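Colleague: one predicted model, sequence on top.
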Amino acid sequence: MIEIREVNNKNQIKEFINIPWNIYKDDPNWVPPLKMSIADQLNPTHPFYKTAKTKSFLAYENGKPAGRIMSIINHNSPDIGYFGFYEAINQQVSDQLFEKVKEHLKENGINKMQGPVNLSTNYECGLLVDGFNDPPQIMMTYNPKNYINFFEHEGLTKAKDLYAWKFNLEKGLPEIIQRIADRASNNPRFKVRKINKSKWNDEVKLMHQIYNEAWEDNWGFIPMTDEEFFHTAKDLKMIVEEELVKFVEVDGEVAGFIVALPDLNQIFKKIPSGNLFPTGIFKLLFSKKSISRMRVITMGLRPKFRNLGLDALMYHEGFHSGKKLGMNEVEMSWILADNVKMNKPIQRLGSELYKTYRIYHKDL
């Protein structure tokens, strides 16, 4: 027997967070998330909830937790409802969870559903549909292959695919990209600098301005409020390596930035409980030097500074810094599949398209 309950107390929140441990315990590529991070995203004081309304649901099969889902109404995207934090042990559980989301969205006058997005496209999003033979990098999703069948059975269809590219840093940049980067680096108008963590708030304010300007025309983009952006940046400050976050300036004006993070999932995989305390923190502190790959989580240029070779310059600077820190591989993700202006240069680097994620859609 399957029962669906709305999450409304601390014990249920704990069960909601713990569901993946039931589903992925025997999957060698699953990386346990940090429970404190998921708890923060579910906390109603999180700035995201100032511009959104949500309902979370737990599924029980024969009295045991068997799945979860969140229904999301974002006031900055009022025509589409979303679902996130999806997990289900079988098709029957999945079907009933989706019924609850559809009910919630239709009650609020929304007749389109997209997902999975864990809060919004500014956070983890997309269902992995290709590339199941490798653990996910930091802040990327992972799921069993049979979730594709669960979604298609629900009548969900592709809204947009998201690409993850892999580049071997040992290869170095192709000659043509290197030439463009060299030409840009020799231009006295251009300057690249690393982030200054001692002026963190000022630097984050700059990134937020560029972020909203650079991505505002992208499909699925939902702008982040100042408070929400700073909240996210606060969490990143603990793991950011200054060498891997670079600004590029043109005539003294900030034109863009690139942010890469060490793939801490290589360490989190060694913390099966998902708890940093009391012992996980030591694994994190003492294993950071063993991290061998990194992920470019965002790179953007303000529109008026595009087509100047600054993207090649940022790749060159970011990859050089990664190698200096002992990285031998970089993932660039996620990128809209039809974003030719981003995908084409990445392909020219000699990168491999090795994972595809999908945002699904359904008219209700």
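Modeller: Here it is on my side, so go on.
Colleague: hey, let's count contacts and neighbours off CA atoms from now on
Modeller: Fine.
Colleague: residues touching stretch 58-72, excluding its own?
Modeller: Residues from elsewhere that reach stretch 58-72 (C-alpha atoms under 8 Å, 6 or more residues apart in numbering): 1-7, 12, 15-16, 19, 22, 52-57, 81-89, 93-94, 97-98, 101, 104-105, 119.
Colleague: looking at those residues, which are in helices?
Modeller: Within those, residues falling in helices by DSSP state H are 12, 15-16, 19, 22, 93-94, 97-98, 101, 104-105.
Colleague: of these, closest to residue 196?
Modeller: Set against residue 196, the nearest of these by C-alpha to C-alpha is residue 16 (37.8 Å).
Colleague: show the pLDDT at residue 279.
Modeller: At residue 279, the pLDDT value in this model is 53.
Colleague: my bad, should have said residue 108
Modeller: Residue 108 is assigned 96 on the pLDDT scale.
Colleague: which ones are touching it?
Modeller: Per C-alpha under 8 Å, 6+ apart, neighbours of residue 108: none.
Colleague: in stretch 64-82, which residues are buried?
Modeller: 65-74, 77, 80-82 (16 or more other C-alpha atoms under 10 Å).
Colleague: now residue 48: phi and psi?
Modeller: Here is the backbone geometry of residue 48 (degrees, to the nearest 10): phi -60, psi -40.
Colleague: what sits against it?
Modeller: 119, 228.
Colleague: flag the shaky bits of the protein, pLDDT-wise.
Modeller: Applying pLDDT under 70 to the chain flags the ranges 276-287.
Colleague: ramachandran coordinates for the most centrally placed residue in it?
Modeller: Using C-alpha atoms, centre = their mean, the residue of the chain that lies closest to the mean C-alpha position is residue 124, 3.6 Å off. Here the main-chain torsion angles of residue 124 (degrees, to the nearest 10) amount to phi -60, psi 140.
Colleague: how many residues are close by the nearest residue to residue 164 once chain neighbours are set aside?
Modeller: Leaving out its chain neighbours, the residue that sits closest to residue 164 by C-alpha to C-alpha, 6 or more residues apart in numbering is residue 333, at 4.5 Å. Close neighbours of residue 333, defined as other C-alpha atoms under 10 Å, add up to 22.
Colleague: test my guess that residue 333 contacts residue 165.
Modeller: Yes: when contacts are counted by C-alpha atoms under 8 Å, residue 333 is listed as touching residue 165 (6.5 Å).
Colleague: can you pull out the strands in the protein?
Modeller: For the chain, the strands defined by DSSP state E cover 2-6, 52-61, 64-74, 81-88, 112-115, 127-130, 157-168, 190-194, 245-250, 253-262, 293-301, 329-336, 352-363.
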